[in-house]
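**Q** Mind looking at a prediction? Sequence and model below.
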Amino acid sequence: MPDSFLQVNQLSAAYDQHEVVVNNVTFGLKEGELACLLGPSGCGKTTILRAISGFQSIRSGSIYLDGRLLSDAKTSVPPERRNVGMVFQDHALFPHLTIANNVGFGLHQLARSERAQRVDDMLHLVGMADYRNQYPHELSGGQSQRIALARALAPQPKLLLMDEPFSNLDTALRETLGYEVRSLLKESGITAIMVTHDQHDAFALGDQVGVMANGQLMQWDSSFGLYHAPNNRFVANFIGDGVFVRGQMVEDNVVITNFGEVRGESVNHQHIGKDVDMLIRPDDVKYAPESPIRARVTRKAFKGAQTLYTIETESGDTLLSLVPSHDDYEIGDVIGVSIEADHLVCFEQQPA
Ligand SMILES: Nc1ncnc2c1ncn2[C@@H]1O[C@H](COP(=O)(O)OP(=O)(O)OP(=O)(O)O)[C@@H](O)[C@H]1O
């Protein structure tokens with residue numbers, strides 16, 4: 001039985017005779033939540049959306065929406081009966097229809113006056129009411145994406161799927177539009193999944209984020225959980241910056257490294273007494289002039305408010321350190337740092 005509003009259970013999917021491209025994926029989404037699917041190109045994100053929308057049959061597993069079975073190995077409710085809306089990367093607006101007719105396109109079942117009212121509501125919702133009589137070629141990329149969103153929301157779907165909706169937009173616009181879309185979905189209580197390549201988008205927008213690799217879901221968690229408690233090396237490497245240092249977990253919350261003891265709350269306890277590779281994030285490495293841990297700056301990347309330094313400790317370990325950019329150091333400078341890791345993220349040590 002489904003536990004969540006959208007429940008995807010052990011989903012596997014393949015194209016024709018090809019091997020599976022989505023492998024045993026399970027996740028649940030509560031009503032009104034926005035999830036982001038994140039992962040490298042070709043890892044199966046779009047295929048999951050296609051399976052949920054009904055354009056892709058599934059090999060095994062099941063998909064339930066609001067308690068209703070949409071897909072399993074034997075069942076496939078047709079896309080138009082799923083009550084699922086889609087927004088694509090390229091907007092896919094109909095060029096020969098006005099903006100109003102684009103938005104009203106999926107509303108043929110409504111009476112004319114009701115349809116006009118719904119179109120009007122949707123155009124107001126996305127702040128595009130003044131454009132109703134214009135044509136898609138007269139709109140900017142961001143405006144087109146708003147219309148694509150209005151069109152997908154017009155039939156009042158139970159679930160909205162968005163496949164890289166901002167990828168053709170410049171950084172400033174994608175950020176603004178991202179927040180707009182999130183608040184709009186929250187206001188309307190719409191449950192949604194957004195596929196993205198961009199972890200900043202995923203972190204900023206998703207209530208839940210799924211990280212995928214090679215057709216598998218590596219972790220389904222909050223952004224905080226993915227960053228601070230990645231449950232495998234792939235997620236640790238893929239999410240955020242960081243380096244692995246070698247050490248030994250001597251107690252639950254203590255790892256001894258070549259440059260000293262690091263304390264923090266352990267997120268994987270099974271390594272006590274073992275050699276480990278420990279993840280250290282740049283925000284764990286604080287500038288501390290008096291600290292006995294001395295390190296030489298080997299690289300710097302100015303990021304505006306902060307500078308990301310690559311540093312090498314006297315013990316020969318490489319670390320990253322994020323320092324407010326008011327403190328400016330040159331390559332070759334030796335600085336003091338302290339390691340303040342709230343969480344100890346350790347994995348079984350790999351051969352050097
Ligand atoms: N129509 C198809 N026929 C055969 N294989 C396909 C088809 N569409 C996608 N694939 C393959 O399925 C795998 C997953 O593709 P999918 O589009 O789901 O990945 P993705 O994570 O969305 O990638 P991207 O981020 O590049 O869009 C890839 O290896 C891809 O080559």
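**A** Yes, it's here.
**Q** Walk me through the domains of the protein.
**A** 6-233, 241-348 (automatic domain parsing).
**Q** in terms of contact, does residue 302 touch residue 325 like I think?
**A** Yes: Residue 302 is within contact range of residue 325, at 6.4 Å (criterion: CB atoms under 8 Å). For glycine as for every other residue, the C-beta is placed from the backbone atoms N, C-alpha and C.
**Q** what's near enough to touch residue 277?
**A** Applying CB atoms under 8 Å, 6 or more residues apart in numbering, we find residue 277 in contact with 244, 245, 246, 247, 346, 347, 348, 349, 350.
**Q** Next, the closest residue to it other than its chain neighbours: secondary structure please.
**A** Among residues not flanking residue 277 along the chain, residue 244 sits closest, at 4.2 Å (CB to CB, 6 or more residues apart in numbering). Three-state call for residue 244 (DSSP: H, G, I helix; E, B strand; the rest coil): strand.
**Q** Tell me the confidence at residue 244?
**A** With respect to pLDDT, residue 244 scores 95.
**Q** Same question for residue 91.
**A** Predicted confidence (pLDDT) for residue 91: 66.
**Q** And for the one 4 residues further on?
**A** pLDDT recorded at residue 95 is 91.
**Q** how much space between it and residue 106?
**A** 17 Å (CB to CB, to the nearest Å).
**Q** Looking at these two, which has the bigger crowd around it?
**A** residue 106 (16 against 8; other CB atoms under 10 Å).
**Q** Would you mind confirming that that one makes contact with residue 151?
**A** Yes: Residue 106 is in contact with residue 151 according to CB under 8 Å; the separation is 7.0 Å.
**Q** Tell me where the stretch 1-150 of the chain is predicted with low confidence.
**A** Residue ranges of the stretch 1-150 of the chain with pLDDT under 70: 1-2, 91.
**Q** Which stretches in it count as strands?
**A** 6-13, 22-29, 34-38, 60-65, 68-72, 84-87 (DSSP state E, counting those that start in this stretch).
**Q** Quick check: residues of the stretch 101-250 of the chain near the ligand?
**A** Contact residues, the stretch 101-250 of the chain versus the ligand (CB under 6 Å from any ligand atom): residue 197.
**Q** need the helices for the stretch 101-250 of the chain, in chain order.
**A** Counting by DSSP state H, counting those that start in this stretch, one finds helices in the stretch 101-250 of the chain at the ranges 112-125, 141-153, 171-188, 199-205, 223-228, 233-238.
**Q** Mind putting those into JSON lines with distance to residue 252 and mean neighbour count?
**A** Output for these, formatted as JSON lines (distance: least, CB to CB, whole Å; neighbours: other CB atoms under 10 Å):
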{"stretch": "helix 112-125", "distance to residue 252": "51", "mean neighbour count": "16"}
{"stretch": "helix 141-153", "distance to residue 252": "48", "mean neighbour count": "23"}
{"stretch": "helix 171-188", "distance to residue 252": "38", "mean neighbour count": "15"}
{"stretch": "helix 199-205", "distance to residue 252": "29", "mean neighbour count": "19"}
{"stretch": "helix 223-228", "distance to residue 252": "17", "mean neighbour count": "19"}
{"stretch": "helix 233-238", "distance to residue 252": "20", "mean neighbour count": "18"}
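**Q** For residue 282, find the nearest of these.
**A** Taking CB to CB, helix 223-228 is the member of these nearest to residue 282, at 11.5 Å.
**Q** Please name every helix or strand in contact with the closest one.
**A** If you count contacts as 3 or more CB pairs under 8 Å, 6 or more residues apart in numbering; DSSP states H and E, helix 223-228 packs onto helix 199-205, strand 208-213.
**Q** please redo it, this time with the cut-off set to 7 Å
**A** Here helix 223-228 touches strand 208-213, going by 3 or more CB pairs under 7 Å, 6 or more residues apart in numbering; DSSP states H and E.
**Q** Against which helices or strands is the strand it packs on packed?
**A** Short answer (3+ CB pairs under 7 Å, 6+ apart): strand 208-213 packs on strand 34-38, strand 216-221, helix 223-228, helix 233-238.
**Q** could those go into TSV alongside distance to residue 53?
**A** Listed next are these as TSV, based on distance: least, CB to CB, whole Å:
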stretch	distance to residue 53
strand 34-38	13
strand 216-221	18
helix 223-228	25
helix 233-238	26
